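Peer 1: Give me the fold of what follows.
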Amino acid sequence: MARLLREQGYSATGLAQVLAESGVSNGSLYHHFPWGLEELAEAALQASGEAVAAALSQALGSASSAQAGLAAFIDIAATPDVDGSCPGCPIAPTALEAPIISPRLRAAATRCFENWQGLIAARLRSDGWPEATVTETASATLALIEGALLLARVSGDSGHLANAKRATAALLGTMPGAAAI
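Peer 2: Numbers count the residues shown, from 1 in each chain. All right, here's what the predicted structure looks like:
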């Protein structure tokens, strides 16, 4: 389900396709997910969001700074699929349609984005960023990365991720309130 949501979003993912590709019976699906496809999609978004959070946390935690950690994460996100295309954000296709389709899926996507922004904010804090700028800087950084992933997926040009990497470095290169050298 997570792969289908990443590739085609929720609206284009039908129950028959999920059952056929997973080899699971209808009864088994409803046994584990009594609310059906929407509940399964919510669980898939959560799992995908946790996978991204683990990669982001690892990149941020093993780097010398938030800037270096985000550059490493963008490199991970830029890893092409088997066919050479950018897979994009696993949450974005469903997140973009969720406000129209499902409050439940919208909430799940929002939790993912908030978690990722929180990880970035935590690293900025540990790097000594002024608290007054942490939230907006983490938000802007996440927006740069998500926008680049969307553009790269749609256009097939991974150069958008390289651009986001440079823009993130510029954004995080000078801490507000630091004395100019």
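Peer 1: Put the alpha carbons of the lowest-mean-pLDDT helix or strand in the chain into CSV.
Peer 2: In the chain, no helix or strand scores lower on mean pLDDT, DSSP states H and E than helix 26-32, which sits at a mean of 84. Listed next in CSV are the C-alpha coordinates belonging to helix 26-32 (Å, rounded to 0.1, in the frame of the first residue of the first chain):
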residue,chain,number,x,y,z
ASN,A,26,-10.6,-9.3,1.3
GLY,A,27,-11.6,-10.9,4.7
SER,A,28,-8.0,-10.7,6.0
LEU,A,29,-7.7,-7.0,5.0
TYR,A,30,-10.9,-6.1,6.9
HIS,A,31,-9.9,-8.3,9.8
HIS,A,32,-6.8,-6.2,10.3
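Peer 1: got any ranges where the chain has weak pLDDT?
Peer 2: Scanning the chain for pLDDT under 70 picks out 175, 177-181.
Peer 1: Recalculate using a threshold of 90.
Peer 2: Low-confidence segments of the chain (pLDDT under 90): 14-16, 19, 21-37, 79-87, 98-101, 156, 173-181.
Peer 1: Just give me the residue closest to the centre of the protein.
Peer 2: Residue closest to the average C-alpha location in the chain (Cα atoms, centre = their mean): Cys89, at 4.8 Å.
Peer 1: How about the contacts made by it?
Peer 2: Cys89 makes contact with 6, 52, 77, 95, 146, 149-150, 153, according to Cβ atoms under 8 Å, 6 or more residues apart in numbering. Where C-beta positions appear, they are placed from N, C-alpha and C, glycine not excepted.
Peer 1: Which residues does the least confident helix or strand of the chain contact?
Peer 2: 15, 18-19, 36, 40.
Peer 1: can you pull the buried residues of it?
Peer 2: Leu29 (16 or more other Cβ atoms under 10 Å).
Peer 1: Fine by me, we can end here.
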